[in-house]
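Participant: what's the 3D shape of this:
(chains A, B, C and D)
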Number of protein chains: 2
Amino acid sequence: MAQGKIYVSALEVAERAGVSRSAVSRTFTPGASVSPETRSKVIAAAEALGYHVNQLARGLMRNESGIVCLIVSDMATPYRSSLVKALTQHLQNAGKIAMLINTDRSDGSVDLALRQAIRYRADASIILSGLPDKSIADLCLKSGQRLVLINRNDDQDGTLKINLDDREAAGRVVTAFVRAGCSRLAFANSDAKTPSLMAREEGFVDAARAHGLDVIVERHGGTTYESGKVLAQKLMTRDVRPDAVFCATDLLACGFLDAARHQFSLSVPEELCVAGFDDIQQASWSSYNLTTFAQPVEAIAQEAVSWLGDEMDADLRRSRSSRRLHADLVWRGSIRAG
Amino acid sequence: MAQGKIYVSALEVAERAGVSRSAVSRTFTPGASVSPETRSKVIAAAEALGYHVNQLARGLMRNESGIVCLIVSDMATPYRSSLVKALTQHLQNAGKIAMLINTDRSDGSVDLALRQAIRYRADASIILSGLPDKSIADLCLKSGQRLVLINRNDDQDGTLKINLDDREAAGRVVTAFVRAGCSRLAFANSDAKTPSLMAREEGFVDAARAHGLDVIVERHGGTTYESGKVLAQKLMTRDVRPDAVFCATDLLACGFLDAARHQFSLSVPEELCVAGFDDIQQASWSSYNLTTFAQPVEAIAQEAVSWLGDEMDADLRRSRSSRRLHADLVWRGSIRAG
DNA sequence: GAGAACCTTGCACACGCTTGCAAGGCGGGC
DNA sequence: GCCCGCCTTGCAAGCGTGTGCAAGGTTCTC
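Facilitator: Numbering: from 1, shown residues only, chains lettered A, B, ... in the order given. The predicted structure follows:
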C-alpha cells in the first residue's frame, strides 16, 4: 500500500476490450490502422480502467521521448521567465513537453544539464544561458538531439542560433538620443560580457562615433536592478554628467532610473534620457515608463519550436542554422520626443 | 544521417569493457555490488563511448522516473517564477528533475496537465495554481503518484497541502495600520477568489472588526499590476478615501501605488499607508519600497521536496499531509512607523 | 462470380535497462 | 583440509510499448 498499485497497462485494456494488445497500441497511435469499432471498444475500456499510454516505454521504442530540455539560469528574472513561459507554451502546442533545468550554480552546470538531457533522451535542448562544452554539445548532436542556442553566438554546427539585431537596435537608440538633443552619451552595462550585451554596447559606441560622439561605457555586476543603481552612482558622480544613457537591460534601466530620480533628483526625460532593452513588464509600469526594445519573445519561441518540428536532413539543418530577429523600439516616456 | 546515429547502449559498453551488461548496469546503480576493477573498466569504456544511462528505460524498470511535474499558470509573474525556480533547484538537489506544464489556457487544463504527468509516469506533481478534478487526482494517487498542492486548500486525502498563515498575517497588518493611526481601512483584492487571497481578505476584515473598524473591500480582475491601478481608481474616487489599504498581492500593490501617487498625487506613507503580500523583487525597488509579507519560497520548496523524498506508508502520509508556514512581515517605507 | 486490392488484426520481436537467482571464487575458522 | 559465508558476476526474465509481417476478411472491379 505504501507503493500504491502500479499503473494499468495496455495488456489489461486489451483483455477487457477483448482485443489484442497491438490494437490498443494502435488506437493510441495517430495514423495507425484500427477499425472504428475496435477503437471505440478500446477507448471505452481504457476510460474505465484509467489507462494512459506510458510515454517512457513509448519513447524507448520510438527513440523519441517528446521531451525538450530548457536550460536556463536566472529564471526568476522577468525576461527569462517570460521566455520560459512562451517556450513551454509553444512546446505544449506542438505536442512536446518542457523539462526545466536550472544552471544557477557552478560553472560546469550547463554540461551537467545537457548530460541530464541525454539521459532522458530529450529530443532537443534549448539553451537560454551559458554555453556548453564543445565535446558535450557534439555528443548531443551525434546522438540525434537538436540544439537551440538563444542569444549565444557559439559557432557550433547543426544547432539553431537565434539572435536579435542588437547592433542595429543600439544604432536606433543613438539616433533617438541625438534627435532629443542629447550629446553626452553613456552606456550602462553589466560586466557579464554576454554576446548580446556586448553587441548592444559595441553597436551603440560605433553608431555614436558615426555621429561624431563619444560614449562613456560603464560596466558593473550582473544584469540586475541593483547593478543599475550602482551604475547610476558611477555615471552621475562624474565631472560631466551624461545626458542620455542606454542601459543594456531593462532591469539595469529600472535600477538606474530609480537611483537617478531618487538619489540624484534628476527628472526623466527632461534632464536625462534613458533607454533599456527587453521590454519587461516593469518597463511599462508608470514609475518607469521606459522606452525600450521589445524582445520578440513569442517569435523566438515560435521559431525555436517550429525548427524542432521540422523534418530535415543534415544539409538543410545547417543551412537554416541561424535566425536573426528584429527588436521593435517601444516608445514610452524616458526619451524626449525629437 | 538525418536521424543521427542513435545513442550508445550498455551492451556496447559491456563489450568494450569485456564484461557483461549487468556489470555496466550495476556500475551506474548506487549501492550495487561491483568490484572496483570492474567498475573502473566500465567507467573507462563508458567515458570513451559517451555512454549515458537511458532514464526512460531505467524508469520503466524501476517504476520510478525521477520526474516531478510542476503545474503552474501565470508563470511569468514574479512570485510564480521565483517559486518555480526554487522548486526546480531543490528538485535537482534531490536528484529529481522538473517537468514544466503551463495551464494558462482553458479551464480543464490542470486535468490535462495531470494526464501528461501520468503519461510520463511522474513520481509526483506539484500544483501551483488551479485545482484538479477529484477523479483525476484520485487516479494519480492510486497510481502511486504523490501530489503537492501549494496555496490551494482542497481536501484531498494523501496529498501534501502547503499553506501560509494568511489570516494571521492579515491580522498583523491591521495592527500596523492602527498603530500608524489609520482608521479608514480598505482591502484591494483580485476577484479570482483563490483560497489564499480570500483568507487574507477575511483575516483582514475580521481583525479590523476586532478593532472596531470597518473595511471597504474592492475586488477586480486578476492579480496583476493593471488591476491594482483599477482598484486605486475605485477606492480613491470614493467620497471618503481610505487612509490604509492592504493589497492582496504585491503586484496589485505596485499598480495601486503607482496610481495613487501619479494619478491622485498622494504621498505614501504620509497620506496613505499601503501593504502588500509576496515580497516580490519589485517590492524592494525604491519606487515602491513596499512593506509586505515574504512568501517563504525556499521553505515551501524545501518542504515540498523533502516530503517527496520521504519514505512513508499511507498512515504517515496522511498524518503529515498539511503544512502551514509563516509569512514574515518585511518592514519598508509604505506604512508609517507606529 | 472470381480475382485483386485494401483494410484490419494478431503474433512476435525489439527497445535499453534492472534485478532475482544461482554459480563461481575466495578467504577464514575449526 | 573442509565447510561455510561473502563478494562478484553472468544469465535470463521482465518492464510497457511500437511495428513489420503475414493471415484473414471485406469490398470493388470487370
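
Participant: from A:Val84, how far off is the closest residue to A:Ser73 other than its chain neighbours?
Facilitator: The shortest distance from A:Ser73 to any non-neighbouring residue, by C-beta to C-beta, 6 or more residues apart in numbering or on different chains, is to A:Ser129 (4.2 Å). (Each C-beta comes from the backbone N, C-alpha and C, glycine too.) In this view, A:Ser129 and A:Val84 are 11 Å apart by C-beta to C-beta, to the nearest Å.

Participant: quick one, which of those two is more surrounded?
Facilitator: Taking other C-beta atoms under 10 Å in any protein chain shown, A:Ser129 and A:Val84 do not tie; A:Val84 has more neighbours (28 against 21).

Participant: now do the contacts for the more buried one.
Facilitator: For A:Val84, the contacting residues are A:Leu70, A:Val72, A:Met75, A:Ala98, A:Leu100, A:Leu128, B:Met75, B:Ala76, B:Ser81, B:Leu100, by C-beta atoms under 8 Å, 6 or more residues apart in numbering or on different chains.

Participant: can you report how many residues neighbour the residue of the stretch 151-300 of chain A found nearest DNA strand D?
Facilitator: At 24.1 Å from DNA strand D, A:Gly158 is the closest residue in the stretch 151-300 of chain A, using C-beta to the nearest atom of the strand. Residues near A:Gly158, counting by other C-beta under 10 Å, number 17.

Participant: ok, now A:Gly181?
Facilitator: A:Gly181 has 11 neighbours, counted by other C-beta under 10 Å.

Participant: okay, it and A:Ala199: tell me how far apart.
Facilitator: A:Gly181 sits 27 Å away from A:Ala199, going by C-beta to C-beta.

Participant: ditto for A:Ala248
Facilitator: From A:Ala248 to A:Ala199 the distance is 10 Å (C-beta to C-beta).

Participant: same thing with A:Ala86?
Facilitator: 22 Å.

Participant: what strands line up against whichever strand or helix holds A:Cys69, and which way round?
Facilitator: Assigned by DSSP states H and E, A:Cys69 belongs to strand A:67-72. Paired strands of strand A:67-72, with direction, are strand A:97-102 (parallel), strand A:124-127 (parallel) (DSSP bridges).

Participant: nearest to B:Tyr51, out of those?
Facilitator: strand A:124-127 (18.3 Å; C-beta to C-beta).

Participant: how far does that closest one sit from the chain's center?
Facilitator: Here strand A:124-127 is found 10 Å from its chain centre; the criterion is C-alpha atoms, centre = their mean, to the nearest Å.

Participant: hmm, who's touching it?
Facilitator: Here strand A:124-127 makes contact (C-beta under 8 Å, 6+ apart) with A:68-72, A:87, A:110, A:113-114, A:117, A:140, A:145-150, A:152, A:304, A:308.

Participant: again, only using 7 Å
Facilitator: Applying C-beta atoms under 7 Å, 6 or more residues apart in numbering or on different chains, the contact partners of strand A:124-127 are A:68-71, A:87, A:110, A:114, A:117, A:140, A:145-150, A:152, A:304, A:308.

Participant: taking those one by one, which sit in strands?
Facilitator: A:Val68, A:Cys69, A:Leu70, A:Ile71, A:Arg146, A:Leu147, A:Val148, A:Leu149, A:Ile150 (DSSP state E).

Participant: make JSON lines from those residues and add pLDDT and distance to B:Ile162 to it.
Facilitator: Listed next are the ones in strands among the contacts of strand A:124-127 as JSON lines, based on pLDDT from 0 to 100; distance: C-beta to C-beta, whole Å:
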{"residue": "A:Val68", "pLDDT": "97", "distance to B:Ile162": "29"}
{"residue": "A:Cys69", "pLDDT": "96", "distance to B:Ile162": "27"}
{"residue": "A:Leu70", "pLDDT": "96", "distance to B:Ile162": "25"}
{"residue": "A:Ile71", "pLDDT": "94", "distance to B:Ile162": "28"}
{"residue": "A:Arg146", "pLDDT": "91", "distance to B:Ile162": "37"}
{"residue": "A:Leu147", "pLDDT": "92", "distance to B:Ile162": "36"}
{"residue": "A:Val148", "pLDDT": "93", "distance to B:Ile162": "34"}
{"residue": "A:Leu149", "pLDDT": "93", "distance to B:Ile162": "36"}
{"residue": "A:Ile150", "pLDDT": "93", "distance to B:Ile162": "33"}
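
Participant: just the buried subset of the residues you listed, please.
Facilitator: Neighbour counting over the ones in strands among the contacts of strand A:124-127 (16 or more other C-beta atoms under 10 Å in any protein chain shown) leaves A:Val68, A:Cys69, A:Leu70, A:Ile71, A:Arg146, A:Leu147, A:Val148, A:Leu149, A:Ile150 as the buried ones.

Participant: buried residues, the helix or strand harbouring A:Thr38. List them.
Facilitator: Element membership for A:Thr38 (DSSP H and E) is helix A:36-49. Going by neighbour count (16+ other C-beta under 10 Å), the buried part of helix A:36-49 is A:Thr38, A:Arg39, A:Lys41, A:Val42, A:Ile43, A:Ala45, A:Ala46, A:Leu49.

Participant: so which of those comes closest to chain B?
Facilitator: Distance ranking of the buried residues of helix A:36-49 against chain B, using C-beta to the nearest C-beta, places A:Leu49 first at 10.1 Å.

Participant: so what's the closest one scoring on pLDDT?
Facilitator: On pLDDT, A:Leu49 comes in at 93.

Participant: show me what contacts it?
Facilitator: Applying C-beta under 7 Å, 6+ apart to A:Leu49 gives the contacts A:Val8, A:Glu12, A:Val13, A:Arg16.

Participant: most neighbours among those, please name it.
Facilitator: Scoring these on neighbours with other C-beta under 10 Å, the highest-scoring entry is A:Val13 at 27 neighbours.

Participant: the residue of the stretch 101-250 of chain A found nearest chain B: neighbour count?
Facilitator: Nearest to chain B, among the residues of the stretch 101-250 of chain A, is A:Gly144, at 3.8 Å (C-beta to the nearest C-beta). Neighbourhood size, A:Gly144 [other C-beta under 10 Å]: 17.

Participant: same question, A:Trp331
Facilitator: Neighbourhood size, A:Trp331 [other C-beta under 10 Å]: 11.

Participant: and for it, nearest residue in space, chain neighbours not counted?
Facilitator: Using C-beta to C-beta, 6+ apart, the nearest residue to A:Trp331 is A:Thr291, at 5.6 Å.

Participant: partners of that neighbour in the sheet?
Facilitator: For A:Thr291, the beta-bridge partners are A:Ala275 (DSSP bridges).

Participant: repeat that for A:Ile126.
Facilitator: Those that pair with A:Ile126 in a beta bridge, by DSSP bridges, are A:Leu70, A:Val148.

Participant: distance of it from DNA strand C?
Facilitator: Distance, A:Ile126 to DNA strand C, using C-beta to the nearest atom of the strand, to the nearest Å: 24 Å.

Participant: now the helices for chain A?
Facilitator: Applying DSSP state H to chain A gives helices spanning A:10-17, A:21-27, A:36-49, A:55-62, A:78-93, A:109-119, A:134-142, A:166-179, A:195-210, A:225-236, A:250-258, A:297-309, A:314-319.

Participant: pick the most buried one from these.
Facilitator: Greatest average neighbour count among these goes to helix A:250-258 (a mean of 29), per mean count of other C-beta atoms under 10 Å in any protein chain shown.

Participant: ok, it near chain B or not?
Facilitator: Yes - contact of helix A:250-258 with chain B is found when judged by C-beta under 7 Å from any C-beta of the partner chain, involving A:Cys254, A:Asp258.
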